[in-house]
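Asker: next one to model:
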Amino acid sequence: MTAGPLAAPALAAPAAVPGAPASSDAAPFKIAADAELLSAGRTGFLSIAGSGSGHDVLWTRYADGKTTVVVKDAPSYATLPTFYGTGSDVVAVRDDSGSTGSQKVTLLDMATGSSSVIDLDQYGYSYLGAVGSRTVATKRTGDKVEAHVLEVVDQKVSDRVLTGLPAGTQEVALRAGSGDSAVLRYSVSAANGGLFDYTAADLSSAKVVTGNGMVGGYVVGIAVSATHLALSGNLYMGDISSSVRTMELGGDQKRWNMSLGRQQGDDLVGLVGGWTLYGENRRLNEGNDIKGSALRATPVGGGTERMVMDHAGSVAPAPDGSLLAVGGTAADGEGLYRISAGADGAPVAHLLTGTGRPTKLIVEESQVPTVAELDKAPWQPKWRLTHNNTDATVTLRHTASGAQREIELPVDPAKWESAEPAWRELNWDGLLGGPSYAPNQSAPNGAYTWTLTAKPRNGIGPDLVAERATGGPPSPRAS
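Answerer: This is a model prediction of the structure:
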């Protein structure tokens, strides 16, 4: 056992965005706009700014916003479920400094500053992940694979075989965890047709509690609570529809299946009380309207669906049974939310701290000349939107004559999902009238009213409609 203080530099606050909802004055911490949640504890949360290599894994305390860089330049597998642990203040860090990849795991208690080490190399085990203070690993002997639960108790390592997996198990992965519960993905045959079994285990007793559990593909959304196991996604790679399946962990282990009626991508799923939450892992600027963006919830067993957030990019179960989510709502903007049971038991999202960015599409800035003098120079107004993933048009209406025209404001499709604010510029040929696609008269000089309409292509938030009149006295345009 080793112990020591953990350094905690302050987390820099993101710059404010004009027109964005203000974060709560009581919020003592900030979160980056591109953060992805990895785990949530009682005193703080673990996140990574973006995904892939070259990003730091950060622990942020709720109380004062202090952060610790747990891993510098995290490797590409940094966002694998449970790799750094889940559902507690304990963060698991595997030593990958050796050329073959060390299996030594350091468990950092971010609440107390203490740490413990489990050297899996001594046992010949392979690391799967951690749930709370417990580490899950596998031991392979020939074709036989055993799952083990290890934890430090009274400064000694306790090692127990996890019982209940079928004989002949060939592959095991730890896919989710919360409290004493963990979800294992396994197969008993190399020729499994792309299907795997997902089962829940009680780590306190080191026993499988759901038998064969449920069947799913290699990549599905998974959540577990003290009472339920939930899977979300396509059963087969080629499925055109997705579903959410939930089963009880105790009693009769009743099962419930709800079709989402559409193909999903990177599925999110969570459990809050007696409700299952589901959606697609999507940031504000990502995706299109073919797939649903909202994070929704339905009572386990069936009932009326509710929308919880306009979108969410990542979720993580917290020890108190709530969920943390990075995403946004049109009302409160982008940020870190806690989703917990409301007065009627249904999940409600509450903003903990904002990023300063709005979720609904807004015009951040406009540059519109006050008067169009088309016989002297082109009139080229432009508008900067909070993100590019929109279909936008502007309607010009000459104030004096009433002549108008609707014109598309195109964008390079390669930049649709850019996270940067986007300028949309009007390249106008100086014509009005007729159908919008076949104007038939020269536009006069003078003042104009413009109406900008922009529709988020991914369906996140309401459509934008902004209207304003230009100023200045009209003057006749030379013929």
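
Asker: list the buried residues of stretch 415-428.
Answerer: W416, E417, A419, P421, A422, W423, R424, L426, W428 (16 or more other Cβ atoms under 10 Å). In this view, the C-beta of every residue, glycine as well, is placed from N, C-alpha and C.

Asker: surely the fourth one and L385 touch.
Answerer: Okay, so that is P421. Yes. Applying Cβ atoms under 8 Å as the test, P421 and L385 come out as touching, 6.7 Å apart.

Asker: what sits in contact with each of those two?
Answerer: Listed as contacting both P421 and L385 by Cβ atoms under 8 Å, 6 or more residues apart in numbering are E364.

Asker: quick one on the thing from earlier: and the two most separated of the buried residues of stretch 415-428?
Answerer: A419 and W428 (28.6 Å; Cβ to Cβ).

Asker: nearest residue to the middle of the protein?
Answerer: The residue lying closest to the centre of the chain (Cα atoms, centre = their mean) is G313, at 1.3 Å.

Asker: now the closest residue to that residue other than its chain neighbours: which helix or strand?
Answerer: Closest residue to G313 apart from its sequence neighbours, by Cβ to Cβ, 6 or more residues apart in numbering: R283 at 4.7 Å. R283 belongs to no helix or strand when assigned by DSSP states H and E.

Asker: burial measure for R283, as a count.
Answerer: Number of residues near R283 (other Cβ atoms under 10 Å) recorded here: 24.

Asker: OK, contacts around it?
Answerer: Contacts of R283 were listed using Cβ under 8 Å, 6+ apart, and they are D34, H311, G313, A419.

Asker: could you do L426 as well?
Answerer: Residues near L426 by Cβ under 8 Å, 6+ apart: W379, Q380, P381, K382, V394, I407, L409.

Asker: and S115, how far is that from L107?
Answerer: Using Cβ to Cβ, to the nearest Å, we find S115 at a distance of 6 Å from L107.

Asker: who has more neighbours, these two?
Answerer: Taking other Cβ under 10 Å, S115 and L107 do not tie; L107 has more neighbours (23 against 19).

Asker: how confident was the prediction at the more buried one?
Answerer: At L107, the model reports a pLDDT of 96.

Asker: again, but for the one 3 residues further on
Answerer: pLDDT, M110: 97.

Asker: isn't it right next to R42, touching?
Answerer: No. M110 lies out of contact with R42 (Cβ under 8 Å); the separation is 9.9 Å.

Asker: shared neighbours, the two?
Answerer: With Cβ under 8 Å, 6+ apart as the test, M110 and R42 both reach D89.

Asker: domain map for the chain?
Answerer: Domains of the chain are assigned by automatic domain parsing as 2-354, 363-469.

Asker: highest mean neighbour count out of those domains?
Answerer: domain 2-354 (a mean of 19; mean count of other Cβ atoms under 10 Å).

Asker: can you give me phi and psi for the residue nearest to G313?
Answerer: phi -90, psi 170 (degrees, to the nearest 10).

Asker: quick one: it from N389, how far?
Answerer: Distance, R283 to N389, using Cβ to Cβ: 10 Å.

Asker: what does E171 give?
Answerer: 38 Å.

Asker: per-residue pLDDT, the nearest residue to R140 once chain neighbours are set aside?
Answerer: Nearest residue to R140 in three dimensions, chain neighbours excluded: S126, at 7.3 Å (Cβ to Cβ, 6+ apart). You'll see S126 listed with a pLDDT of 93.

Asker: S126 touches Q103, doesn't it?
Answerer: Yes. Assessed by Cβ under 8 Å, S126 is found in contact with Q103 at 6.4 Å.

Asker: shared neighbours of these two, anything?
Answerer: L120, A137.

Asker: which stretches of the chain aren't confidently modelled?
Answerer: 1-27, 50-54, 97-101, 191, 236-240, 261-266, 290-291, 471-479 (pLDDT under 70).

Asker: of the buried residues of stretch 415-428, which is the nearest to M247?
Answerer: Once Cβ to Cβ is applied, the member of the buried residues of stretch 415-428 that ends up nearest M247 is E417, at 35.8 Å.

Asker: name the element the closest one belongs to?
Answerer: Here E417 is covered by no helix or strand, with elements defined by DSSP H and E.

Asker: what sits against it?
Answerer: N285, E286, G287, N388, N389.

Asker: cheers, nothing more for now.
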